[in-house]
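S.K.: Build me a model from this:
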Amino acid sequence: MRRGQKTNAEQIVLKLRQIEVQTAQGKSLALSCRDAKNSDQSYYRRCKEYGGLEVDQAKKMKDLERKNARLRRLIADTSLDKQMLALTLTHQTGPRLAQVFRAS
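M.R.: Okay, the predicted model is just below:
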């Protein structure tokens with residue numbers, strides 16, 4: 001895998017499993033990580049995120065994270081639209097009516 005290229009969840013889980021098998025066979029963690037073209041730090045970080053997950057579970061988790069991020073962006077956009085409408089309403093009708101709009 002080229003440097004800077006993203007690894008998908010399936011590849012990460014498979015690499016973690018490969019490293020775990022090699023360390024169970026008596027190979028040191030550093031050598032196992034080197035064979036998998038991984039750093040020790042990446043191994044620990046990915047273990048924290050993907051440790052104990054199956055491939056399909058990791059895919060579902062990533063999919064849910066993407067959906068969650070999309071929904072958060074939608075909420076932020078909606079809040080911004082509401083603020084812009086309130087500001088426009090303030091300039092067009094005066095602050096009193098805009099305050100009623102903000103309260104809802």
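
S.K.: and Lys27, how many residues sit next to it?
M.R.: 15 (other CB atoms under 10 Å). C-beta here means a position set from N, CA and C on the backbone, and glycine is covered the same way.

S.K.: Next, it: phi, psi?
M.R.: With angles defined as degrees, to the nearest 10, Lys27 sits at phi -80, psi 150.

S.K.: likewise the one 10 residues further on?
M.R.: In this entry, Lys37 is assigned phi and psi values of phi 60, psi 50 (degrees, to the nearest 10).

S.K.: Glu49 now?
M.R.: phi -90, psi -40.

S.K.: So for it, what pLDDT did the model give?
M.R.: What the model reports for Glu49 is a pLDDT of 87.

S.K.: and the residue positioned nearest the centre of the chain, what helix or strand is that in?
M.R.: With distances taken as CA atoms, centre = their mean, the chain has Glu65 as the residue nearest its mean C-alpha position (5.1 Å). Taking DSSP states H and E as the criterion, Glu65 maps to helix 55-93.
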